[in-house]
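Enquirer: with the sequence up front, the predicted model follows.
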Amino acid sequence: MARPRSNDQLNYSALLQPASEFTSDIQRVLLRCGEQERPSLSISEQIASRLARMIVLDQLKPGQRVIEDEISAALHISRSPVREALRILERDRLLIIVPHKGAYVSTYSPKELADIFEIRASLITATYETMLSDHPTEFSERLRQGVAGLEEAARSGSFDVYAMASFRLTTSLRSLCDNKLLYDMVQSLALQMLRYSRLGFGTRHGIERSVHDWKAIARAVSRGDADLTTELLRRRMRGSRDAALASLHSDAPQLPPSGKAAGITGKHHKATEHATV
């Protein structure tokens, strides 16, 4: 069930905002770079990363048209780098370019969501197993720091803040993967996954469940329990998928306009590590 096309005008003020840490994370995903890499970006790559940020945070709505002329005029640049930026986003399935009609923000789709999560479950599991085997100490420490960041973000009550913290955690962990092909494959799905995960964070208890699951995963990793880590990781991904699907199928607005997450009470969701999420 795709969302209807939005007729809202592009918010150029968001496009012109200075680059943030979140934007830098998006840049590394688009360029398939590791966390420690600081690539020199072309103009088109800079534009692509800022447009991607607007798309994943729903500042550009699903179905909304992205017009080359308007972007080039706002940025005082030629259309050529803008056109290339749109192609970069099409590659990562954030945009759909229709010949002779233009570029549109891709819509949400339960079928695409199911497909992406099915592929991602296998890829992420393989990635984490590799990192846990090759870099157990650093992997555990990054996970610990990342979960602390999630808890802080959860206290803000904002699903956008939490989505950015979640993206920071997963991109930081993935950079430990020494298998370049596997790393590139996971990165290619990262931004679409962020869009769908963000929908799930806006559902009741979505953030609380996420924090609970990641804390359980961190405990399993600290004990070096690879089997439990894999089991908990798959359950976290199923929980994220189901929350996003619930949001897509809901007749109510999928995300509150205030940017606040639904059902956040400051208390952690009580469940055992083996509970189904």
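Expert: Arrived safely. Residues are numbered from 1 along each chain as shown.
Enquirer: how many other residues sit next to I55?
Expert: Under the neighbour criterion other C-beta atoms under 10 Å, I55 is assigned a count of 25. The way it works is simple: take the backbone N, C-alpha and C, and place the C-beta from them, glycine included.
Enquirer: which residues touch it?
Expert: With contacts defined as C-beta atoms under 8 Å, 6 or more residues apart in numbering, the neighbours of I55 are L89, L94, L95, V105, L191, R195.
Enquirer: show me these that map onto strands.
Expert: Secondary structure defined by DSSP state E assigns L95, V105 of those to strands.
Enquirer: for Y104, see how far away R53 is.
Expert: 18 Å (C-beta to C-beta, to the nearest Å).
Enquirer: okay, the two: which has more neighbours?
Expert: Neighbour count, other C-beta under 10 Å: between R53 and Y104, R53 has more, with 23 against 18.
Enquirer: what is the mean pLDDT for the host helix or strand of the more buried one?
Expert: Remark: R53 resides in helix 43-56, with elements defined by DSSP states H and E. With pLDDT averaged residue by residue, helix 43-56 scores 94.
Enquirer: before we move on, back to that, out of the contacts of I55, which is nearest to L143?
Expert: Each of these was checked against L143 using C-beta to C-beta; the closest is L191, at 21.6 Å.
Enquirer: setting the sequence-adjacent residues aside, check what's closest to that closest one.
Expert: In space, not counting the residues next to it along the chain, L191 is nearest to D92; the distance is 5.3 Å by C-beta to C-beta, 6 or more residues apart in numbering.
Enquirer: quick one: buried residues of the helix holding R53?
Expert: With burial defined by 16 or more other C-beta atoms under 10 Å, the residues of helix 43-56 counted as buried are 44-56.
Enquirer: stretch 202-214 now?
Expert: By neighbour count on 16+ other C-beta under 10 Å, the buried set for stretch 202-214 is G202, T203, H205, G206, I207, E208, R209, S210, V211, H212, D213, W214.
Enquirer: can I assume the fifth one sits in a strand?
Expert: No. Note on I207: no strand contains this position according to DSSP: H, G, I helix; E, B strand; the rest coil, which reports helix.
Enquirer: isn't it up against Y162?
Expert: Yes. The pair formed by I207 and Y162 meets the contact definition of C-beta atoms under 8 Å, at 5.1 Å.
Enquirer: K101 - how many residues pack around it?
Expert: K101 has 9 neighbours, counted by other C-beta under 10 Å.
Enquirer: so what's the spatially most central residue of the chain up against?
Expert: For the chain, the residue nearest the mean C-alpha position is L194 (1.9 Å; C-alpha atoms, centre = their mean). L194 makes contacts with V56, A163, S166, F167, as judged by C-beta under 8 Å, 6+ apart.
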